[in-house]
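[1] With the sequence up front, the predicted model follows.
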2 protein chains.
Amino acid sequence: MSKHPTKTQTKHSMQFMVLLFGLLLWFSPAPEGLKPEAWHLFAIFITAIVSVILNALPIFTSSILALSTAVLTDTLSSEEAFSGFSEDFILLIVIAFLIARGVIKSGLGKRVAFIIIKKFGKSSLGLSYSIIAADMFIAPAFPSNTARSGVLFPIVNALANDSDSKVANGTRKKIGSFLMMSSMAGLTLSSSMWLTAMAANPAGVAIANALGTNITYSSWVMAASVPILVLFFLIPWVIYKIYPPQIKHTPQAPLVAEEALKTMGKVSKNEWIMAATFLGMVFLWIVSSEWGINKTAVALLGLGVLMVSNIFTVDDLKQEGGALETLIWFAILYTMSVYLNKFGFMGWIGDYISYGVSGFGWPAVYVSLVLSYVLIHYFFVSQTAQMLALFGVFLQVGISAGVPSEMLALMLLFATNFNALITPQGSSANVIYAGSGYIEPGEIYKVGGIVTLVNTLVFLTLGTAWMMLIL
Amino acid sequence: MSKHPTKTQTKHSMQFMVLLFGLLLWFSPAPEGLKPEAWHLFAIFITAIVSVILNALPIFTSSILALSTAVLTDTLSSEEAFSGFSEDFILLIVIAFLIARGVIKSGLGKRVAFIIIKKFGKSSLGLSYSIIAADMFIAPAFPSNTARSGVLFPIVNALANDSDSKVANGTRKKIGSFLMMSSMAGLTLSSSMWLTAMAANPAGVAIANALGTNITYSSWVMAASVPILVLFFLIPWVIYKIYPPQIKHTPQAPLVAEEALKTMGKVSKNEWIMAATFLGMVFLWIVSSEWGINKTAVALLGLGVLMVSNIFTVDDLKQEGGALETLIWFAILYTMSVYLNKFGFMGWIGDYISYGVSGFGWPAVYVSLVLSYVLIHYFFVSQTAQMLALFGVFLQVGISAGVPSEMLALMLLFATNFNALITPQGSSANVIYAGSGYIEPGEIYKVGGIVTLVNTLVFLTLGTAWMMLIL
């Protein structure tokens, strides 16, 4: 028998420590100014978040245990506890998740990617631009950067392989590593660009709304457009300089793509239907606020069209347990975050920190809030979990300190996305790319750190100026 | 080119007909006394139901299109439309679904199934009797047929699997489909048998009391006993005839089971954890009303325990897209049924019938009330919702027409249970069983329709005679 604890033992003792932490918090007296129910809900919520950060429990397990505890201790009534499940934006995420499968299954995702490479893929840099452009193009209907990386990664991987840049024979840096890093960085931009490009985005908008700050599909796109446009050109170039590919010119890539397109043949009926459904949905989402159309109903209609056309079938749906997983933990953490706010916890923390920053002008508060929010992502595995845990508090603090609320809300939600490359585990997409072996974790800390820095600087300067102009 | 239409063409023309039917209803003027929103919701709801009955669309597709239509036409607000997703009993169904997987994965389901097969497994019919007997036995302490099906379903599922009758490889009809259908039919009987076997029963007794009709625990059991005893023997035999299993005699099954039990060896740690979790959950469900514990929170806790123990994992969950499918269509149909009632459609139908039966003798009124009550369940997803919406109206109508009040009250409350198999969404239990894939929705309309007919005939003839004798 080894004297070192096994992996299971380590996990069990970690779980025990987290439980102890939660019990200690629970039985500590509520701080001055907080109702016991608010304190108890906070104890449950933060214990769930800590158990995820420390990897003691998967986010799903920790969420269902947290909600169960909240109901069984009468901290939340059952009506309160399950209310998140009927939030239309959460259902939107789940439905759009399913639609994204249709994009892949119809073959349209592949075709669009090949067309872009055919046109722009002559150099490594051009290739990286074209990958990010493709990502940007499909992002509005892919409310999951994980799902999107599932579309992009195989293409990037094939590109690397077809350029004779392989992990196995030590040639990963020829071009593969560069393209992978660019695509990961591109995901931070595509997710910031569209309200429907990442699960946390609409959830954040709902939280902002609950705090009295209104964000629409079009105000989001408008605000994001200018900094994202600049970063779209800047980021691949920065990576090209600090993490260069050994091959710079790839004259054969467009040929490979052209060949692949020939093999695919004419645009199939399913691709046409998929494209029409997709464009129709994006159009209706864009005009949804103005025309008073519910976005989730649009997604349901789109999914219905795909199902009637057999592009996505009930059998396909039966494989999508991951969507159920997301629905459940997401609805739970969202609900707890909402009730932390309703019970006065967010306001209380907000007042507390506001007091600390009082005397500072709002610009100083704004900058420190955004920077802290970006840096705290070091500790979070899930972008969405960080947003659910902190966005409401940060927004509340800023509003109390006089920061323009819509600008701050948008900036923090952009940051939820543009900070994703700060660690190898900072986003599921990073995990998928790093898992290929083309990129080593240490390289993400270095290159990803610089990308995050550039993202943050451009958003804080140009992005802020632009928002002050248009909002 | 063949002159005969292809299967796809037939399906498309069927879809077109259903669409036409829906549009005709939608644009017809609302009948006297109905608000346009009630009429429009009815048009959408009945079109969805008809498209499922005619097999023009799967129930999932037809549900999402129906809800989307309801929201996009402003027939339902988005808050109304998605409200069903936060109903705790619907989430209970989904969670119970996942726990059932744990029962199987832990090996416990297998062991219990083998024990039953060893004792009663010489024929398919014998097995179905043993399942229903077990249901009858636990029913008085399970005031929820949903929770009870959460107990029975995993065992029936394990029985099917261990008899090499599986959905995945097309052998569901060997014995699995038959056993599932029998168990669902059995639940209609066990719920009718005991005042405490279903949530709606005591609620109905309270409503009857408020209208001056007294029903006790023992008068209920006495009245139910004779028709239920007959149906207990009749129903499995009827299903055996009209929906036969491919395997009828299984003389070797008890021997195989005994051998399998020997191979399984001693009860494993996972089985103990599963059994303890299960019994704990059942205990908490039984005392839930009295102790004020939320049943869904109990289920979440149970699932959490299974996940912490790695009996059911996040990877297992990713396979359970079927649970998501169920959640979505059930929540949608439930919601539409609730709003049909809230918009006054149900009450309008009730008034209409009262008017129709005035002037007839009480036996004619009695029979037409019971028959209408049974048939109206076509439009109700929730048995409890139907009881709450119509029981009072129907009882009042009958009493005014001179029908013996206690007999009518009991018969309508029995009907609340024995009509449950009339549609796939007629009871949460049906949803759980049909979600397994062993039974197709269309089969429930057919076989369930016949079971409902037999239940109704036996209750109306023998049941009525028996009640006239004893009351």
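    Sure, I can see it.

[2] Give me the below-cutoff pLDDT ranges for chain A.
    Low-confidence segments of chain A (pLDDT under 70): A:1-5, A:113, A:150, A:381.

[3] Tell me where the longest helix sits in it.
    In chain A, taking DSSP state H as the definition, the longest helix is helix A:217-242.

[4] The residue nearest the centre of chain A: what's it in contact with?
    Centroid-nearest residue in chain A: A:Met198, 4.5 Å away (criterion: CA atoms, centre = their mean). Applying CB atoms under 8 Å, 6 or more residues apart in numbering or on different chains, we find A:Met198 in contact with A:143-145, A:191, A:383-384, A:416-417. Just so you know, the C-beta spots here come from the backbone N, C-alpha and C atoms, and that holds for glycine as well.

[5] Quick check: closest non-adjacent residue to it.
    Among residues not flanking A:Met198 along the chain, A:Ser191 sits closest, at 4.2 Å (CB to CB, 6 or more residues apart in numbering or on different chains).

[6] That neighbour: helix or strand, and which one exactly?
    A:Ser191 is part of helix A:176-193, with elements assigned from DSSP states H and E.

[7] what angle do that helix and helix A:217-242 make?
    Inter-element angle recorded for helix A:176-193 and helix A:217-242: 160 degrees (by axes from the mean of the first three to the mean of the last three CA atoms, to 10 degrees).

[8] Double-check that A:Ile155 belongs to a helix.
    Yes: using DSSP: H, G, I helix; E, B strand; the rest coil, the assignment for A:Ile155 is a helix.

[9] Let me know the secondary structure of A:Glu259.
    helix.

[10] Burial check on it, number of neighbours?
    14 (other CB atoms under 10 Å in any protein chain shown).

[11] now do the one 3 residues further on
    Neighbouring residues of A:Lys262 were enumerated by other CB under 10 Å; the total is 9.

[12] Could you do A:Leu234 as well?
    17.

[13] same question, A:Asp315
    11.

[14] The strand or helix carrying it - contacts with which helices or strands?
    In the assignment (DSSP H and E), A:Asp315 maps to helix A:314-318. Counting contacts by 3 or more CB pairs under 8 Å, 6 or more residues apart in numbering or on different chains; DSSP states H and E, helix A:314-318 packs against helix A:88-106, helix B:59-72, helix B:321-342.

[15] Show residues contacting that helix.
    Counting by CB under 8 Å, 6+ apart, A:98, A:101, A:105, A:307, B:58, B:60-61, B:321-322, B:324-325 sit against helix A:314-318.

[16] Thought B:Thr326 was touching A:Gly321, still the case?
    No: taking contacts as CB atoms under 8 Å, A:Gly321 lies outside contact range of B:Thr326: 11.9 Å.

[17] Who has more neighbours out of those two?
    Neighbour count, other CB under 10 Å: between A:Gly321 and B:Thr326, B:Thr326 has more, with 24 against 21.

[18] quick one on the thing from earlier: among the contacts of A:Met198, which are located in helices?
    A:145, A:191, A:383-384, A:416-417.

[19] List only buried entries from the contacts of A:Met198.
    Taking 16 or more other CB atoms under 10 Å in any protein chain shown as the criterion, what is buried in the contacts of A:Met198 is A:143-145, A:191, A:383-384, A:416-417.

[20] okay if I get those as CSV plus distance to A:Thr8?
    Below are those laid out as CSV (distance: CB to CB, whole Å):
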residue, distance to A:Thr8
A:Pro143, 35
A:Ser144, 31
A:Asn145, 32
A:Ser191, 35
A:Gln383, 29
A:Thr384, 28
A:Thr416, 34
A:Asn417, 35
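
[21] Nearest to chain B among these?
    Lowest distance from chain B to the buried ones among the contacts of A:Met198 (CB to the nearest CB) belongs to A:Ser144, with 14.0 Å.

[22] Look up how far chain B lies from A:Trp26.
    The spacing between A:Trp26 and chain B, counted by CB to the nearest CB, to the nearest Å, is 16 Å.

[23] Near that residue, how many other residues are there?
    16.

[24] Which helix or which strand is home to it?
    Counting by DSSP H and E, A:Trp26 is part of helix A:7-27.

[25] Not counting its neighbours along the chain, what's nearest A:Cys470?
    That one is not Cys; residue A:470 is Ile. A:Met222 (5.9 Å).

[26] Relative to chain B, how far out is that neighbour?
    In terms of CB to the nearest CB, A:Met222 sits 24 Å off from chain B.

[27] from memory that residue sits against A:Gly463, does it?
    No: with contact defined as CB under 8 Å, A:Met222 does not reach A:Gly463; the gap is 11.6 Å.

[28] Those two: which has the busier surroundings?
    A:Gly463 (28 against 15).

[29] how about that one, what does it touch?
    A:223, A:226-227, A:411, A:414.

[30] three-state assignment of it?
    Going by three-state DSSP: A:Gly463 is helix.

[31] re earlier: how about the helix holding A:Trp26: buried residues?
    Using 16+ other CB under 10 Å as the test for burial, helix A:7-27 gives A:11, A:15, A:18, A:21-22, A:25-26.

[32] do stretch A:234-242 as well
    Buried, per 16+ other CB under 10 Å, within stretch A:234-242: A:234-236, A:238-240.
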